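**Student:** need a 3D model of the sequence below.
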Amino acid sequence: MPDDAPLTVYVRRLSLDSAIVHLRGEVDVDTTGVLATALEHAIRTYRLVVLDLCGVTFFGAAGANAIAVARARGEARGHRLELDGAHGTARDVLLIAGLGPMLRISG
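**Tutor:** Residues are numbered from 1 along each chain as shown. Prediction:
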């Protein structure tokens, strides 16, 4: 994806069983398809996926929904999704969506 794209996703494998999905840009209704596809692939491939939200400049409810779906699919496979770098509005949206008790959210 070009640098000026609304959302850039980069997946970095840490080990055979784990990876970090880095996001940069806006997570909204127009970009959640990109997020959902990246998370689906990662959660299918790795037992532990850490979603890094440090580079997120906007985070809407559609992003929380995509994360909730990925978490549920991962859990059904015995895989785990964790969040890192959740701050400001992104953290607020995730907590309001009720994802706090389901995910390890660190910021």
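
**Student:** what's the span of stretch 76-96, first residue to last?
**Tutor:** End-to-end distance of stretch 76-96 (C-alpha to C-alpha, to the nearest Å): 23 Å.

**Student:** show me which residues of stretch 43-51 are buried.
**Tutor:** For stretch 43-51, burial by neighbour count (16 or more other C-beta atoms under 10 Å) applies to 43, 46, 48, 49, 50, 51. Bear in mind the C-beta positions are built from the backbone N, C-alpha and C, glycine included.

**Student:** inside helices: which ones of the residues you listed?
**Tutor:** The helices, defined by DSSP state H, take in residue 43 from the buried residues of stretch 43-51.

**Student:** save the buried residues of stretch 43-51 as TSV, and put in distance to residue 90 and pLDDT too.
**Tutor:** Converted to TSV, those look like this (distance: C-beta to C-beta, whole Å; pLDDT from 0 to 100):
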residue	distance to residue 90	pLDDT
43	19	96
46	22	97
48	21	97
49	17	97
50	15	96
51	11	96
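
**Student:** partner strands of the longest strand anywhere in the chain, parallel or antiparallel?
**Tutor:** Taking DSSP state E as the criterion, the chain has its longest strand at strand 48-59. Strand 48-59 pairs in its sheet with strand 18-27 (parallel), strand 80-84 (parallel), by DSSP bridges.

**Student:** which residues does it contact?
**Tutor:** 8, 17-28, 39, 42-43, 67, 70, 74, 79-87, 89-90, 93-94, 107 (C-beta atoms under 8 Å, 6 or more residues apart in numbering).
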